[in-house]
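> Got a predicted model here, sequence first, then my questions.
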Amino acid sequence: MKNIYISAVNVKGGGPSTVVKKIVLNALKYVGHDDQILIITNSIFNEVVLQEFRDVRIKPCIYDWVLRSLLHRLFFEYIYLPFSLRKKEIDIWISLNDVSSFISAKKRFVYFHNPSPFIEFRYFFCFPLLFLIFGFFYNFIYLINSKNYDGVIVQQSWIARLVKKRYNLKNVKVARPVDSIFDVDFKMPIDECRSANETVKFVYPAFPRAFKNHKVIIDAIKIVRARLPGKFEVVFTLSGSENSYSKNIYLEGANIPELKFVGMLSAEEMNDIYRKSQVLIFPSYLETWGLPISEAKDNGLVVFLANLPYAREVAGDYLNKFFFEPNSSKELSNLMISFMESTLTIPEDVDRNLDVVDFNTFSELVSFMIGESNA
C-alpha cells in the first residue's frame with residue numbers, strides 16, 4: 001500500500017484551495033485501488049471542497065483546533081504531527097501550509113504560497129502592522145528544515161530567486177498554478193474590445209484584504225467619472241460583510257453609481273462576469289501568482305496591472321497589458337479614460353518573458369512529486 005500525505009490544515013478557500021484540489025486530482029492518477037491519499041485538513045475545507053471527490057482512496061483527517069491561533073499551528077506542525085506520525089509508513093509527504101515539519105517520509109515536499117515575507121520595502125506603509133509582523137516571522141518559518149526536503153515549490157521565478165538567495169536553498173522548483181496556455185501572444189485591436197456606444201465594464205475579482213488595494217481603484221473612479229460619468233462600470237467581488245476592510249471599502253464606494261459590489265461569486269458566475277467585461281484591473285501590492293490575471297488572459301480581456309514583479313511574470317508575453325504604479329490613481333485613471341476614448345495603443349516593443357519555469361502544469365508538478373519513478 002502506498003501512503004501519500006497532503007498537509008493542508010490551514011487552507012480554507014481562495015487560491016490555496018485551488019492548489020489543493022489540483023494536486024489531489026492529479027495525485028489520483030498515481031494511486032492504485034489499495035493506496036491512500038490522506039489529507040490533513042479542517043472541517044470547512046472538507047465540507048466545501050473535498051466532498052467533491054467522493055473517492056474511497058481519499059481519507060480526510062480533520063483538525064479544527066489547529067486554526068485557533070498561530071501558537072496552535074506551530075505546536076501542531078512541529079510537535080504534534082511528528083509525534084503522532086512517527087510510526088506511520090509515509091511514502092510521500094506534501095505540505096501545502098508553507099511549513100517544513102519534521103516528518104519521516106521517503107519523499108518530502110513543501111509548497112510556499114504565503115507571499116508575506118516578500119513585500120517590497122517601498123510599499124511597507126500600505127500594509128497593516130500585524131501583516132508586516134507576520135511576514136517577518138514567516139522568514140524564520142521558511143528557514144526551518146526546508147533544506148532537508150526533496151523540493152521547495154514556489155509559483156513564480158522572482159520568488160524562487162529570493163528564496164534561493166535569502167534562505168540559501170538549492171532545492172527550489174517553480175511550478176505555475178495554472179493549467180492553461182501561458183506565454184502565447186494575444187493582441188486584439190483595442191477598438192475591437194468594445195463598441196463605441198456600450199458601457200465599458202472593468203472588473204477586479206479579489207477577496208477583500210488590505211494589500212489588495214481596492215482604494216486606488218475607487219480614487220481612479222472618482223477622477224474618471226468627473227470626465228465621463230455613466231459611461232463605465234467597475235465590479236468588485238465583495239459585499240462589505242466579509243471583514244472590516246471590506247466594510248470600509250463598501251462605505252467609501254457605496255454612493256458611487258459606477259461601482260458595483262456583487263459579493264463572492266462561483267466559478268461559473270465569475271466566468272459570466274469575464275465574458276461581459278472588457279478590462280481587468282489588478283492593483284494588488286502582493287501576490288504569489290494572481291490567478292485573475294491568468295483568467296483574464298484566457299478570456300481575452302485587456303489587463304491593467306500593478307507594475308510589480310508578480311504581475312509582469314503572470315502577464316508574460318500577453319500583448320494586451322498595461323502597467324501602472326499601484327499607489328497612483330492618476331496613472332490608473334489615465335489608462336481607463338484612454339481605453340474608453342479608444343486612444344489606448346499597445347506598444348510594439350513588448351519585453352519577452354524569459355523566466356525559468358520547472359513545471360508548467362499541475363500534472364507535471366505531481367508527476368515530479370509522486371510519479372512512479374518517485375514511488
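Yep, it's here.

> domain ranges for this structure?
Per automatic domain parsing, the structural domains of the chain span 3-176+357-374, 190-340.

> gap between the first one and the chain center?
Think domain 3-176+357-374. The offset between the C-alpha centroid of domain 3-176+357-374 and the centroid of the whole chain comes to 14 Å, using Cα atoms, centre = their mean, to the nearest Å.

> ok, now the shortest one?
Averaging C-alpha coordinates over domain 190-340 and over its chain gives two centres that are 16 Å apart (Cα atoms, centre = their mean).

> quick one on the thing from earlier: make JSON lines from the domains of the chain and add mean pLDDT, distance to Ile346 and mean neighbour count to it.
C-beta coordinates here come from the backbone N, C-alpha and C atoms, glycine included. Conversion of the domains of the chain to JSON lines gives the following (pLDDT from 0 to 100; distance: least, Cβ to Cβ, whole Å; neighbours: other Cβ atoms under 10 Å):
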{"stretch": "domain 3-176+357-374", "mean pLDDT": "89", "distance to Ile346": "24", "mean neighbour count": "18"}
{"stretch": "domain 190-340", "mean pLDDT": "92", "distance to Ile346": "6", "mean neighbour count": "18"}
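
> now could you export just the CA positions of stretch 140-159 as PDB?
Output in PDB follows, covering the C-alpha atoms of stretch 140-159 (Å, rounded to 0.1, in the frame of the first residue of the first chain):
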ATOM      1  CA  PHE A 140      12.100  32.200  10.100                       C
ATOM      2  CA  ILE A 141       9.400  29.600   9.400                       C
ATOM      3  CA  TYR A 142      10.600  29.200   5.800                       C
ATOM      4  CA  LEU A 143      14.100  28.500   7.100                       C
ATOM      5  CA  ILE A 144      13.200  25.700   9.400                       C
ATOM      6  CA  ASN A 145      14.000  22.300   7.900                       C
ATOM      7  CA  SER A 146      13.400  23.300   4.300                       C
ATOM      8  CA  LYS A 147      16.900  22.300   3.300                       C
ATOM      9  CA  ASN A 148      16.100  18.700   4.200                       C
ATOM     10  CA  TYR A 149      13.100  18.500   1.900                       C
ATOM     11  CA  ASP A 150      13.300  17.000  -1.600                       C
ATOM     12  CA  GLY A 151      11.600  20.000  -3.100                       C
ATOM     13  CA  VAL A 152      10.500  23.500  -2.200                       C
ATOM     14  CA  ILE A 153       7.800  24.600  -4.600                       C
ATOM     15  CA  VAL A 154       7.000  28.200  -5.400                       C
ATOM     16  CA  GLN A 155       4.700  29.700  -8.000                       C
ATOM     17  CA  GLN A 156       7.000  32.300  -9.700                       C
ATOM     18  CA  SER A 157      10.600  32.800 -10.800                       C
ATOM     19  CA  TRP A 158      11.000  36.100  -8.900                       C
ATOM     20  CA  ILE A 159      10.100  34.400  -5.700                       C
END
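
> for Leu280, phi and psi?
The phi and psi values for Leu280, taken as degrees, to the nearest 10, are phi -100, psi 130.

> Surely it and Tyr204 touch.
Yes. Leu280 sits in contact with Tyr204 when judged by Cβ atoms under 8 Å, with a separation of 7.3 Å.

> Give the residues shared as contacts by the two.
Counting by Cβ atoms under 8 Å, 6 or more residues apart in numbering, the common neighbours of Leu280 and Tyr204 are Pro292.

> who's in contact with the strand or helix carrying Lys21?
Assigned by DSSP states H and E, Lys21 belongs to helix 14-27. Applying Cβ under 8 Å, 6+ apart, the set of residues contacting helix 14-27 from outside is 4, 6, 8, 10-11, 37, 39, 45, 49-50, 52-53, 58, 94, 96, 111, 113, 177, 179, 207, 288-289, 291, 362-363, 365-367, 370.
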